[in-house]
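Engineer: Have a look at this prediction, sequence included:
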Amino acid sequence: MEHPAPDHWIEALATLMRGRRTLVLSGAGISTESGIPDYRGPDGMLRSRQPMQYREFVGSEEARRRYWSRSAIGWSRLAQARPNAGHQALARLEAAGAVIGIITQNVDELHQAAGSQRVLELHGTLAAVRCLACGRAETRAHFRDRLLGENPGWSPARDAAAPTAPDGDAELAAGEAALRSIPACIHCGGVMKPDVVFFGENVPARRAQEAWSMLSDAEALLVVGSSLAVFSAFRFVERAARDGKPVAIVNQGLTRGDDLAAVRIEGRLGEVLPRLADSLAVL
């Protein structure tokens, strides 16, 4: 049976944040309560199916057909996800001035749907698809219509036992054929890719610089729902600690940054964050 975080833990976090401009760094753990599984469970290990790698996607037409076939299923579920109490509490904290913004590793746009205004999507968004050649983008909904239009009669069967991943990737049923055709860019004919940072791909330099600027403006860093296993996120914790800015972590399971945290809370974000907002007297 899961127990709520003790009141003194919540108060310790509230004390750390009072009077400090706090930046939030969020990971997949905040979206699990909205029905979107993460790649790493509480034990910090990758799930059995590895996520798509950037080099594989770019270098193999077959890999792209497999990815878009699975994603045609997974995107529908992801698009139906709704913000949970954790997302909503962060929006309340921002509206009250207790949080100056969010750097998120997530690609589901649930922070924005909850009402958060200053959100930097470190790893991009699944709501857009971008051409690798000319860089132009189109909405995911429009691309999916083109995808299904080029593959008439293709009606994928999902493997019900396999969860949808945070990037909208889902398993096909055994023996299910992949899509035969993947739409090209409508502007230049180039290869289309979800507007997200795949494993093995670098965060765009301009986006990384904006994230560093947000951290520079902050006086404290609150990590929520991230194991910090990916260095593109962990480096912000390292920098904050090096600059003498207190770091707090709320997560289920160990994280790479635990030794750097002034406050560490084990618990569900949908339970901890609303209590934090209440403790800070946020309406």
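Structural biologist: Arrived safely, thanks for sending. Residues are numbered from 1 along each chain as shown.

Engineer: Quick check: residue 263 vs residue 30, distance?
Structural biologist: To residue 30, residue 263 is 17 Å away according to CB to CB, to the nearest Å. Using the backbone N, CA and C atoms, a C-beta is placed for each residue, glycine as well.

Engineer: Neighbour count for those two, which is higher?
Structural biologist: residue 30 (33 against 19; other CB atoms under 10 Å).

Engineer: what are the bridge partners for residue 221, then?
Structural biologist: residue 23, residue 247 (DSSP bridges).

Engineer: Wait, it touches residue 238, no?
Structural biologist: No. Between residue 221 and residue 238 there is no contact under CB atoms under 8 Å: 10.4 Å.

Engineer: So between the two, which is more surrounded?
Structural biologist: More crowded of residue 221 and residue 238, by other CB under 10 Å: residue 221, with 28 against 15.

Engineer: OK, contacts around that one?
Structural biologist: By CB atoms under 8 Å, 6 or more residues apart in numbering, the contact list for residue 221 reads 22, 23, 24, 25, 215, 236, 237, 240, 245, 246, 247, 248.

Engineer: so which of those residues would you say is closest to residue 7?
Structural biologist: Within the contacts of residue 221, proximity to residue 7 (CB to CB) peaks at residue 248, which comes in at 16.0 Å.

Engineer: now that closest one, nearest residue through space, not along the chain?
Structural biologist: Nearest non-adjacent residue to residue 248, counting by CB to CB, 6 or more residues apart in numbering: residue 263, 4.2 Å away.

Engineer: Return the distance of the one you found relative to residue 131.
Structural biologist: From residue 263 across to residue 131, the span is 44 Å (CB to CB).

Engineer: go on, residue 23?
Structural biologist: Residue 23 is 32 Å from residue 131, where distance means CB to CB.

Engineer: tell me, what residue is most central in this protein?
Structural biologist: The chain has residue 106 as the residue nearest its centroid, 1.0 Å off, counting by CA atoms, centre = their mean.

Engineer: for it, what are its contacts?
Structural biologist: Residues counted as contacts of residue 106 (CB under 8 Å, 6+ apart) are 26, 27, 28, 30, 31, 121, 123, 166.

Engineer: Could I get the average pLDDT for the helix or strand hosting residue 8?
Structural biologist: In this assignment (DSSP states H and E), residue 8 forms part of helix 7-17. Mean per-residue pLDDT for helix 7-17: 96.

Engineer: From the neighbour counts alone, determine which of residue 23 and residue 131 ranks first.
Structural biologist: Of the pair residue 23 and residue 131, residue 23 is the one with more neighbours under other CB under 10 Å, namely 26 against 20.

Engineer: contact partners of the longest strand seen in the chain?
Structural biologist: Looking across the chain with DSSP state E, the single longest strand is strand 124-131. Contacts with strand 124-131, where a contact means CB under 8 Å, 6+ apart, come from 75, 78, 107-109, 136-140, 143, 167-168, 185, 187-188, 190-197.

Engineer: mind listing what's buried in the helix holding residue 8?
Structural biologist: Residues of helix 7-17 classed as buried: 9, 10, 12, 13, 14, 16, 17 (neighbour count, 16 or more other CB atoms under 10 Å).

Engineer: got the CA positions of the worst-scoring helix or strand of the chain on mean pLDDT in CSV?
Structural biologist: Every helix and strand of the chain was ranked by mean pLDDT, DSSP states H and E. The lowest is helix 61-79, at a mean of 85. C-alpha atoms of helix 61-79 as CSV (Å, rounded to 0.1, in the frame of the first residue of the first chain):
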residue,chain,number,x,y,z
GLU,A,61,13.7,3.3,-44.6
GLU,A,62,12.5,0.0,-43.1
ALA,A,63,13.1,1.4,-39.6
ARG,A,64,11.1,4.5,-40.5
ARG,A,65,8.2,2.3,-41.8
ARG,A,66,8.2,0.3,-38.6
TYR,A,67,8.3,3.4,-36.4
TRP,A,68,5.5,5.2,-38.2
SER,A,69,3.4,2.1,-38.2
ARG,A,70,3.7,1.8,-34.4
SER,A,71,3.3,5.5,-34.0
ALA,A,72,0.1,5.6,-36.0
ILE,A,73,-1.4,3.6,-33.2
GLY,A,74,0.4,5.1,-30.2
TRP,A,75,-0.3,8.7,-31.2
SER,A,76,-4.0,8.3,-30.9
ARG,A,77,-3.7,7.2,-27.3
LEU,A,78,-1.2,10.0,-26.5
ALA,A,79,-3.4,12.6,-28.0
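
Engineer: Thanks a lot, see you next time.
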